[in-house]
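A.B. asks: Quick one, fold the following:
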Amino acid sequence: MLNRRLLLGASAALPFLPPGVAEARAPFRNTTPAAWYRFKVGDFEATVVSDGRLPLGAIQPAFPTSSPDEVSALMRDHFLPPDSATLEQNALVVNTGRHLVLFDTGMGESMGEQSKMFGPTTGKLLQNLRAAGIEPGQIDVVCATHAHCDHVWALVNRRGQRVFPNARVAISEADLRFWTDDGNKRGPEFMKVFIDGAKKNLSAYRDRMIMVRDGQEVVPGVTAFAAPGHTVGHHVYAVRSGNETLVNTGDLAHHQVLLLRKPAWEFAFDTDPKQSAQTRSRMLDRFATDRERILSYHFPWPGIGHVSREGDGYEWMPSPMNLTSVS
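C.D. replies: This is a model prediction of the structure:
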């Protein structure tokens with residue numbers, strides 16, 4: 001226990017600042033540092049690059065069939081705001097030694113003001129890529145998990161020019177067809193702008209598309225697996241090198257609490273919410289059973305970890321960053 005007299009004596013000995021003497025004040029730095037993180041998957045070098053934070057806003061509209069009280073309670077129990085949610089955007093880059101593969105592109109600026117529909121904190125991918133020492137021209141494959149705005153809208157710039165001039169784009173034929181079809185501009189209000197954005201971004205790569213198929217390699221070491229529901233052709237990608245595997249799960253689950261603890265809950269941005277819930281439950285069970293390391297696009301930075309069973313759902317177990325980094 002500290003001696004009370006010692007503390008009092010020490011405080012009495014401290015000098016007082018005379019009037020008019022400036023204190024060591026500094027301005028607040030309202031800037032975000034470059035966000036990238038490098039680690040290994042077997043012999044492959046992997047880098048997670050942030051596209052910035054994506055504010056989802058009010059939670060309840062995103063989970064329309066769930067009890068508002070249960071949603072709020074789950075958030076509070078995990079020390080999160082009960083009335084709003086913010087998602088990360090963790091884009092993975094894998095250098096296999098033969099290929100430099102980017103998984104999803106973030107929001108970009110291709111759709112002008114519409115690219116800021118979730119606020120000004122998105123669209124940071126290119127600056128963070130460069131901060132990590134990666135130039136867009138070095139990317140030779142872009143693997144899209146699906147064709148939503150926060151995953152493919154940085155394929156082109158505002159003028160419709162390719163951002164990744166040397167890249168082929170891997171995506172499912174089902175998603176390519178669905179999200180470039182004007183006939184699907186129905187239902188939720190966001191469908192029109194999502195389709196317009198997908199058409200603009202994907203059409204620029206029409207002559208260099210790779211149609212991904214369930215269980216097939218895109219490039220050596222990267223295999224696509226169908227995970228439909230969030231979109232008609234949503235895929236996840238397994239990155240394998242040596243005895244190590246990392247599964248990029250895309251939008252299999254958007255929130256590390258709500259959709260892990262309650263994998264059967266429906267999410268408003270799913271094309272087929274019921275199919276999405278079934279796919280999510282099936283794949284989370286596999287990841288927990290096989291103890292596979294995953295990277296989730298929207299989980300807390302940098303999105304790397306494992307899922308373990310917890311009651312009727314799952315718990316997110318983030319990997320310690322110092323255990324996955326490059327030495």
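A.B. asks: Quick check: pLDDT value at residue 25.
C.D. replies: Residue 25 carries a pLDDT value of 78.
A.B. asks: Would you agree it falls within a strand?
C.D. replies: No - applying DSSP: H, G, I helix; E, B strand; the rest coil, one finds residue 25 to be coil, outside a strand.
A.B. asks: how close does it get to residue 73?
C.D. replies: 42 Å (C-beta to C-beta, to the nearest Å). All C-beta atoms are positioned from the backbone trio N, CA, C, and that covers glycine.
A.B. asks: With neighbour numbers in mind, choose between these two.
C.D. replies: Under the criterion of other C-beta atoms under 10 Å, the comparison of residue 25 against residue 73 puts residue 73 first, with 12 against 5.
A.B. asks: contacting residues for that one?
C.D. replies: residue 82 (C-beta atoms under 8 Å, 6 or more residues apart in numbering).
A.B. asks: Using the three-state scheme, assign it.
C.D. replies: Classification of residue 73 by three-state DSSP places it in helix.
A.B. asks: So for it, what's the pLDDT?
C.D. replies: pLDDT, residue 73: 97.
A.B. asks: Please report the distance of it from residue 262.
C.D. replies: 11 Å.
A.B. asks: and what of residue 217?
C.D. replies: Taking C-beta to C-beta as the measure, residue 217 falls 34 Å from residue 262.
A.B. asks: Compare these two (neighbour count), which wins?
C.D. replies: Using other C-beta under 10 Å, the more surrounded residue of residue 217 and residue 262 is residue 262, with 21 against 13.
A.B. asks: wait, isn't the more buried one in contact with residue 66?
C.D. replies: Yes - proximity of residue 262 to residue 66 meets the contact threshold set by C-beta atoms under 8 Å, at 7.1 Å.
A.B. asks: Export stretch 243-258 to PDB, keeping only CA atoms.
C.D. replies: Output of stretch 243-258 as PDB, limited to C-alpha atoms (Å, rounded to 0.1, in the frame of the first residue of the first chain):
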ATOM      1  CA  ASN A 243      -0.600 -27.200 -44.000                       C
ATOM      2  CA  GLU A 244      -2.400 -23.800 -43.500                       C
ATOM      3  CA  THR A 245      -5.800 -22.600 -44.700                       C
ATOM      4  CA  LEU A 246      -7.500 -19.300 -44.400                       C
ATOM      5  CA  VAL A 247     -11.100 -19.000 -45.600                       C
ATOM      6  CA  ASN A 248     -12.300 -15.600 -46.900                       C
ATOM      7  CA  THR A 249     -15.900 -15.700 -45.900                       C
ATOM      8  CA  GLY A 250     -17.100 -12.500 -47.600                       C
ATOM      9  CA  ASP A 251     -20.600 -11.700 -46.300                       C
ATOM     10  CA  LEU A 252     -21.500 -15.100 -44.900                       C
ATOM     11  CA  ALA A 253     -22.100 -13.200 -41.600                       C
ATOM     12  CA  HIS A 254     -22.100  -9.400 -41.300                       C
ATOM     13  CA  HIS A 255     -21.900  -9.100 -37.500                       C
ATOM     14  CA  GLN A 256     -19.600 -10.900 -35.100                       C
ATOM     15  CA  VAL A 257     -22.300 -11.000 -32.400                       C
ATOM     16  CA  LEU A 258     -25.800 -10.900 -33.900                       C
END
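A.B. asks: Any buried residues in it, and which?
C.D. replies: 245-258 (16 or more other C-beta atoms under 10 Å).
A.B. asks: OK, contacts around residue 260?
C.D. replies: Residue 260 touches 253, 284, 307, 310, 313-316, counting by C-beta under 8 Å, 6+ apart.
A.B. asks: Grab the nearest non-local neighbour of residue 265.
C.D. replies: Closest residue to residue 265 apart from its sequence neighbours, by C-beta to C-beta, 6 or more residues apart in numbering: residue 66 at 5.1 Å.
A.B. asks: quick one: low-confidence ranges for this structure?
C.D. replies: Applying pLDDT under 70 to the chain flags the ranges 1-24, 322-327.
A.B. asks: tell me, which helix in it spans the most residues?
C.D. replies: helix 273-290 (DSSP state H).
A.B. asks: Tell me the helix or strand right after it.
C.D. replies: Downstream of helix 273-290, the next assigned helix or strand under DSSP states H and E is strand 293-295.
A.B. asks: Identify each buried residue in stretch 64-84, please.
C.D. replies: 66, 71-72, 74-75, 80.
A.B. asks: Same check on stretch 51-64?
C.D. replies: Neighbour-count burial for stretch 51-64 [16+ other C-beta under 10 Å]: 51-54, 56, 59, 62-63.
A.B. asks: Strands of the stretch 101-250 of the chain, start to end?
C.D. replies: For the stretch 101-250 of the chain, strands defined by DSSP state E, counting those that start in this stretch occupy the ranges 141-143, 168-172, 209-212, 217-219, 222-226, 235-241, 244-248.
A.B. asks: got TSV for the ones you listed, with distance to residue 273 too?
C.D. replies: Formatted as TSV, the strands of the stretch 101-250 of the chain follow (distance: least, C-beta to C-beta, whole Å):
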stretch	distance to residue 273
strand 141-143	25
strand 168-172	19
strand 209-212	23
strand 217-219	28
strand 222-226	17
strand 235-241	18
strand 244-248	22
